[in-house]
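Engineer: Quick one, structure for this:
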Amino acid sequence: MMPEVKANDLSWINDSARCVDPGVDPDWFFIEEHDHQLAVTQVCHGCPLLLKCREYALHNRVDGVWGGYTERKIIAERKRLGITPHNVSGDTYLYTLGLQNVQRNYSKQ
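Structural biologist: Below you'll find the predicted structure:
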């Protein structure tokens, strides 16, 4: 059984443990196209925060790729595990990175 995850608790992200490689644009994780999300999941492999990130996504309403899971996979895992997520936006993550004022561009490149 997973430990209880508090709503909007991103305390597991800190200066010594960041889940995004400095060379990766965080917006890349929030593009809604499923094929793109499948590609993005590869960035998560080997991340030391993978399981904490995944746990957060399962217990909070998020958009994009979290913990190596696409939005579809997150929803499927919630159903399988019987988890009802807290009503929190994935934009919360951008606030932890200090990117709350950055305008996202979701157009295909």
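Engineer: what about Val65, distance to Tyr56?
Structural biologist: Distance of Val65 to Tyr56, given as C-beta to C-beta, to the nearest Å: 12 Å. Just so you know, the C-beta spots here come from the backbone N, C-alpha and C atoms, and that holds for glycine as well.
Engineer: What lies in contact with the helix or strand where Glu77 lies?
Structural biologist: According to DSSP states H and E, Glu77 maps onto helix 71-81. Residues outside helix 71-81 that contact it (C-beta atoms under 8 Å, 6 or more residues apart in numbering): 2, 32, 34, 37, 57-58, 62-66, 69, 83-85.
Engineer: Among these, name the ones in helices.
Structural biologist: Among the contacts of helix 71-81, DSSP state H puts His34, Gln37, Ala57, Leu58 in helices.
Engineer: so who does the residue nearest to the third one when sequence neighbours are not counted touch?
Structural biologist: The reference is to Ala57. Among residues not flanking Ala57 along the chain, Trp66 sits closest, at 3.4 Å (C-beta to C-beta, 6 or more residues apart in numbering). If you count contacts by C-beta under 8 Å, 6+ apart, Trp66 has them with Phe29, Cys53, Arg54, Tyr56, Ala57, Ile74, Gly90.
Engineer: Where in the chain is the helix or strand with the lowest mean pLDDT?
Structural biologist: Lowest on mean pLDDT, DSSP states H and E among the helices and strands of the chain sits helix 91-96, with a mean of 50.
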